[in-house]
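Colleague: 3D model of this:
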Amino acid sequence: MKKILITIIIYVFTAKANSQTILLQEDFTGNTLPAGWAQDSAGFVPINNWKFNINWPVYSGGGFDSDYAVIEGDISGPFDVVKCGLITPAFNTLGFSSLYLSYGEIFTNYGGSQDYVTKIIELSLDSGLTWQVVDSGSYDHYAPPFNGIRNVIKLFDLASGAANTMVKFLFESENSGYWAIDNVIISDSATCTSPPDNGIAVSNVTYACNGTSLGLSLENLSRGIGQTYQWQKSSNGVAYNNIPGAFYDTLTALQSGTSYYKCMVTCGGLSTNSLPVYVSDTPRKVVLETLFDQNGICPLNNNIKDTIKIQSHFKGNGVTYQWLSNDSTNWWNTLQGNYLAIAGATDSFYVADYTNHQQTSYFVCDLICVSGGNKSRSNERTSYLNINPFCYCTPISSNACSNNNEYYSFVGITGTTLNHNPVCVDTIYATTPFTNEYQFFSPSLATQTATLTKGNTYSFNFTQTYHIYHSYIWIDYNQNSVFETDEAHYLGYSPNSNQQYGFNFTVPQTALAGQTGLRLRGHRYWGLFDFDSTAACTPLTNGATYDYIVTIDSTVGIADLGLEISDLRLMPNPAKNEVTVTAGALIKGLAVINTKGETIIENKAVNGFTKK
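Modeller: Have a look, this model is predicted:
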């Protein structure tokens, strides 16, 4: 009797666990919207809707066959959002305390990380008047499933159901992805699928420093009553060990070295392993960029700074920044990665200025794990020490050239490539209530720049269109980013419009070699309204201002010698360690200066035509 009693008890328990009341079932075999079902786009005409008669592949797994419902996100325009819900007929759940939705699905994004795809399951207990979200999921990364899965969602736990219950499958996409569903069943219970679909393990971070936490979950996984989980971890992706207490479909793990994570999913005594996820313990390399498209650091001008920042990136817990620089002119040091840490530079950006970097500098940024010290290094970003239009003051002329036609129609320097024909362009300054005839011309075009030799005299030629009677040029000979009075050249009186004028100027021997700024400025009056050699930045009521970049050459000019010598040559130029100077006359003294203005040879007596 005892054996018979035990047998009866087990039989009754098993029969009760397998009982199921189906309230709604749909497999979309009619190739059209099923009777009683509806589509909804929040009251708007849908850009795209659910389809039931399409020539798509026959998927396996999850209860899929050749007939199913699907909605796509990539039929809309490039800036449209697809949003459409597929709604079940109303069904009666009175007397049911639990309700489950099970269905086969394929949900993915194939557009890449720039697109976002969302699925939402909503429940209504009042014929669709109000809705509540019971489940949702999204793909903002590319992860297409290979097979359909069987998804099980618990819709509610209530003392009693409702007479008019409805379920909505809501899809939203920014021009990518799709969601396919089949074999929809709503019932009072839903057992898991044996064996379960393996799914994919995913992490909420791309890396985690040692001792910091990360979140793990499962995607494309079948679910149901009776399904169990066991998370596992490996240091090499081959040998896995169970993580104690990790028995749920999600896990908050503590990182300890580079790790692989996966989950063993079990139903009905049969188990499958999820695809693993790799989580490094080293920060990912970041990319540097300049905040403003400036050309670098201005010499001797600490007001102009070059801001370098890290592009948008994920910063894990326990990670710090450290900026480093290499200010050496030795390219081999840079190639070998000989950078020095910059004290206090621990933000996501770094501001380089002349005080701290007095020559062209090379910057990198390390992302460092506080625990363990693992780090990654960014790409290198160069901040050049050179002259650029941001280095100088912004001049203002309060009468636009379009109003009175005041501008220069030709600018040139005889014997150089500068041969330029500007046009009238008004520049609007937000800080002032007027427009302004100011333009900067890039030296990237040969006709907008010149190479000048120290000691030589040149003719600066220009044509003014109207009422620019007086003109100055300033050349920043000492390269301190300031146009000073002793760097000004008055170009004289030019009373006639549309007539070319030319005035001579001489480049001083003290000028520093390299690129520097040249400013041309004209005004209707001279000596009045402070338009003189001090007016490189003075606000004016009319006129025009043009900025150029010119190069002071290190070549020796004839004027340097104080007399004419035929066939004077210095070769090679540029040179290293040795140069040869030849001339058609006896050389009694010689000075050789490099491009930095440093004297290499000086006051060497020479008894002959050459000296090495």
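
Colleague: ok, and the closest non-adjacent residue to residue 31?
Modeller: residue 53 (3.9 Å; Cβ to Cβ, 6 or more residues apart in numbering). Glycine gets a C-beta too; all of them are placed from N, C-alpha and C.

Colleague: meant to ask about residue 32, not that
Modeller: Computed as Cβ to Cβ, 6+ apart, the closest residue to residue 32 that is not its neighbour in sequence is residue 52, at 5.3 Å.

Colleague: just the pLDDT for that neighbour.
Modeller: pLDDT recorded at residue 52 is 89.

Colleague: next one: residue 242
Modeller: 97.

Colleague: next one: residue 321
Modeller: On pLDDT, residue 321 comes in at 94.

Colleague: same check, this time on the one 5 residues further on
Modeller: The predicted structure scores residue 326 at 88 on the pLDDT scale.

Colleague: helices of the stretch 101-250 of the chain, residue ranges please.
Modeller: With helices called from DSSP state H, counting those that start in this stretch, the stretch 101-250 of the chain shows none.

Colleague: what does the stretch 451-600 of the chain give?
Modeller: Going by DSSP H, counting those that start in this stretch, the stretch 451-600 of the chain shows no helices.

Colleague: for it, give me the ranges with low pLDDT.
Modeller: By pLDDT under 70, the low-scoring segments of the stretch 451-600 of the chain are 525-530, 555-600.

Colleague: give me that answer again for 50
Modeller: Scanning the stretch 451-600 of the chain for pLDDT under 50 picks out the ranges 527, 558-564, 595-597.

Colleague: that older thread, now do the same for the residue nearest to residue 31: helix, strand or coil?
Modeller: What DSSP: H, G, I helix; E, B strand; the rest coil gives for residue 53 is coil.

Colleague: what ranges do the strands span in the stretch 351-500 of the chain?
Modeller: Remark: strands assigned in the stretch 351-500 of the chain by DSSP state E, counting those that start in this stretch are 361-369, 375-377, 381-385, 408-413, 419-420, 427-428, 435-436, 438-440, 451-453, 457-464, 470-475, 488-493, 499-506.

Colleague: what's the closest of those strands to residue 138?
Modeller: Proximity of the strands of the stretch 351-500 of the chain to residue 138 was assessed by Cβ to Cβ; the nearest stretch is strand 361-369, lying at 27.3 Å.

Colleague: report the buried residues of the closest one.
Modeller: Within strand 361-369, the residues that qualify as buried are 361-369, counting by 16 or more other Cβ atoms under 10 Å.

Colleague: could you pull up the mean pLDDT of that strand?
Modeller: For strand 361-369, mean pLDDT is 91.

Colleague: one step back: CSV please, covering the buried residues of strand 361-369 and showing distance to residue 418.
Modeller: Below are the buried residues of strand 361-369 laid out as CSV (distance: Cβ to Cβ, whole Å):
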residue, distance to residue 418
361, 30
362, 32
363, 34
364, 38
365, 40
366, 45
367, 47
368, 50
369, 54
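
Colleague: from those, pick the one nearest residue 419.
Modeller: Nearest to residue 419 among the buried residues of strand 361-369 is residue 361, at 35.0 Å by Cβ to Cβ.
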